[in-house]
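*Asks:* Okay, here's the prediction I keep looking at, along with the sequence it came from:
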Amino acid sequence: MTERQGRCVCGDVSYHISDAPNELDVCHCKNCQRQSGSAYAPFLAVPIDTLALTGEPKCFRDDDTVSCRTVERYFCDRCGSPIYVRVERAPNTAYVFTGTMNNLSELQPKCHGWVTTKHDWVEIDDQGEQFVTDPALMPEQSA
């Protein structure tokens, strides 16, 4: 576990994670692609109570998902940077966008979710497990 900090582009929202894992989840679902503006969204899954925020991110409740589960997408209201998401199946977990982190050292993919909608040009060549839909949610396991 590593202590990590990060912020949005403009600095209005920043955060500190006291005990962050070094393994990340990579989501290739269409809605995460749209939110990140990229081919995929790499996240660190952390217990929500270890994420200390400064500033007030805005929340968009995404109800139009392939899984039919609501995803709360938190972002800076001023610059639009995505900060983290919460999913209905794991309400006590924050999935923090790694692109907002100050230090990315030692981060390695643990898994890739929704590989059925990954871009054709994306080649997954790491050791992360691949899931057709969503992976097991970590750190919170939920049925």
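*Replies:* Yep, that arrived.
*Asks:* mind listing the strands in the protein by residue range?
*Replies:* For the chain, applying DSSP state E gives strands covering 2-7, 14-20, 23-27, 41-47, 51-54, 58-62, 71-75, 82-87, 90-97, 108-113, 129-130.
*Asks:* Ok, which of these comes nearest Gln33?
*Replies:* strand 41-47 (7.2 Å; Cβ to Cβ). From N, CA and C alone the C-beta is placed, and that goes for glycine too.
*Asks:* Please point out which parts of the closest one sit buried.
*Replies:* Ala41, Pro42, Phe43, Leu44, Ala45, Val46 (16 or more other Cβ atoms under 10 Å).
*Asks:* cool, and stretch 70-79?
*Replies:* Applying 16+ other Cβ under 10 Å to stretch 70-79 flags Val71, Arg73, Tyr74, Phe75, Cys76 as buried.
*Asks:* and the second one, what are its bridge partners?
*Replies:* With DSSP bridges as the criterion, Arg73 is bridged to Phe60, Val85.
*Asks:* how near is the residue nearest to Ser81 when sequence neighbours are not counted to Arg61?
*Replies:* Leaving aside its sequence neighbours, Ser81 sits nearest to Cys8 (Cβ to Cβ, 6 or more residues apart in numbering; 3.5 Å). For Cys8, the distance to Arg61 equals 20 Å [Cβ to Cβ, to the nearest Å].
*Asks:* And Met101, by the same measure?
*Replies:* 25 Å.
*Asks:* try Asn31
*Replies:* Distance of Asn31 to Arg61, given as Cβ to Cβ: 12 Å.
*Asks:* which neighbours do the two share?
*Replies:* Val71 (Cβ atoms under 8 Å, 6 or more residues apart in numbering).
*Asks:* neighbour-wise, which of these two wins?
*Replies:* Counting neighbours by other Cβ atoms under 10 Å for Asn31 and for Arg61 shows that Asn31 has the greater number, 19 against 10.
*Asks:* So that one is in contact with Asp63, correct?
*Replies:* No. Counting by Cβ atoms under 8 Å, Asn31 stays clear of Asp63, with 10.4 Å between them.
*Asks:* Need the pLDDT of Met138.
*Replies:* As predicted, Met138 sits at a pLDDT of 50.
*Asks:* Kindly present the strands of the chain as a markdown table, with separate columns for distance to Trp121.
*Replies:* Output for these, formatted as a markdown table (distance: least, Cβ to Cβ, whole Å):
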| stretch | distance to Trp121 |
| --- | --- |
| strand 2-7 | 28 |
| strand 14-20 | 30 |
| strand 23-27 | 15 |
| strand 41-47 | 17 |
| strand 51-54 | 33 |
| strand 58-62 | 25 |
| strand 71-75 | 25 |
| strand 82-87 | 22 |
| strand 90-97 | 22 |
| strand 108-113 | 15 |
| strand 129-130 | 16 |
